[in-house]
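K.L.:
here are the coordinates; sequence isn't available:
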């Protein structure tokens, strides 16, 4: 019997958005709407990390004017990922 390998959800999510970039903006709207209701940063940040990986940190730096380190720190699970930083 062949051994099965499983992917993590974030890998599936990342692949989906790479193949469907037109879905990124509506998805961001949905996750920010959910955040507005429950203020659950631990649910919001993993999704933002996936989108940042798909779009590329360099592109986000150019779009936002933030520093690379600032974006990485704001989205880091080890840093201070307060929504104020992301906002």
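P.N.:
On my side now, so go ahead. The model shown is predicted, which means the values in this text are computed figures rather than measured ones.
K.L.:
The most centrally placed residue in the chain: helix or strand, and which one exactly?
P.N.:
With distances taken as CA atoms, centre = their mean, residue 48 lies nearest the centre of the chain, 1.7 Å away. Assessed by DSSP states H and E, residue 48 sits inside helix 41-55.
K.L.:
try residue 16
P.N.:
Taking DSSP H and E as the definition, residue 16 sits inside helix 9-19.
K.L.:
Report all helices and strands that that helix contacts.
P.N.:
The contact analysis (3 or more CB pairs under 8 Å, 6 or more residues apart in numbering; DSSP states H and E) places helix 9-19 against helix 41-55. Placement of C-beta: from N, CA and C, glycine included.
K.L.:
How about residues contacting the helix it packs on?
P.N.:
10, 13-14, 17-18, 21, 24, 27-28, 31-32, 34-35, 60, 71, 75, 77, 81-83, 86 (CB atoms under 8 Å, 6 or more residues apart in numbering).
K.L.:
okay, and for this protein, where does confidence drop off?
P.N.:
Across the chain, the ranges flagged by pLDDT under 70 are 78-87.
K.L.:
change it to 80
P.N.:
1, 41, 77-87 (pLDDT under 80).
K.L.:
what's the burial count for residue 17?
P.N.:
Residue 17 has 19 neighbours, counted by other CB atoms under 10 Å.
K.L.:
And it, how far from residue 54?
P.N.:
Using CB to CB, to the nearest Å, residue 17 is found at 5 Å from residue 54.
K.L.:
Now list whatever residues contact both of those two.
P.N.:
What both residue 17 and residue 54 touch, as defined by CB under 8 Å, 6+ apart, is the set residue 24.
K.L.:
Kind regards, and thank you for your time.
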